[in-house]
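In: Pasted the sequence and its predicted model underneath.
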Amino acid sequence: QTPQILLRSGIGPKDEIKDAGLTCHIDSPHVGKNLKDHLAVCLRLVNDSSPPLSEIIDGLGLGEDKSQFTEYLNSGEGMAETSIYEASYFYNSGLNDDN
């Protein structure tokens, strides 16, 4: 939705913005172009010898305050459900070496 917000704000290709009846504040021809989807794979790794959650939390250096994790475990809500506790990895498949 970012390109749409920028275009409606007058930031983007000048001709497209003017054709929509808006005032162009910044002519930026690349807004809304060359957008790509990112492959997302969720992996859940579990085994019989997994350490307790408390050891994992301590191992991540999150200290003694486990209230955010407790809230998430009890309600499924809170800071622990946000992307701050996620990891991402971008892999170059080499399929499009033009960029």
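Out: Received the coordinates, thanks. Residues are numbered from 1 along each chain as shown.
In: okay, CA-based contacts and neighbour counts for the rest of this
Out: Noted.
In: following the least confident helix or strand in the chain by mean pLDDT, which helix or strand comes up?
Out: When each helix and strand of the chain is scored by mean pLDDT, DSSP states H and E, helix 53-59 comes last, with a mean of 68. Counting by DSSP states H and E, the element after helix 53-59 in chain order, helix or strand, is helix 67-75.
In: in that next one, what counts as buried?
Out: Residues residue 69 are the ones in helix 67-75 that count as buried (16 or more other CA atoms under 10 Å).
In: In PDB, list the C-alpha atoms belonging to it.
Out: This file holds the C-alpha atoms of helix 67-75, laid out as PDB (Å, rounded to 0.1, in the frame of the first residue of the first chain):
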ATOM      1  CA  SER A  67       5.700 -10.800  31.000                       C
ATOM      2  CA  GLN A  68       5.400 -10.300  27.300                       C
ATOM      3  CA  PHE A  69       5.800 -14.000  26.600                       C
ATOM      4  CA  THR A  70       3.400 -14.900  29.400                       C
ATOM      5  CA  GLU A  71       0.800 -12.600  27.900                       C
ATOM      6  CA  TYR A  72       1.300 -14.100  24.500                       C
ATOM      7  CA  LEU A  73       1.000 -17.700  25.900                       C
ATOM      8  CA  ASN A  74      -2.100 -16.800  27.800                       C
ATOM      9  CA  SER A  75      -4.000 -14.700  25.200                       C
END
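In: by contact count, what packs against that helix?
Out: If contacts are counted by 3 or more CA pairs under 8 Å, 6 or more residues apart in numbering; DSSP states H and E, helix 67-75 sits against no helix or strand.
In: tell me the SS of residue 18?
Out: helix (DSSP: H, G, I helix; E, B strand; the rest coil).
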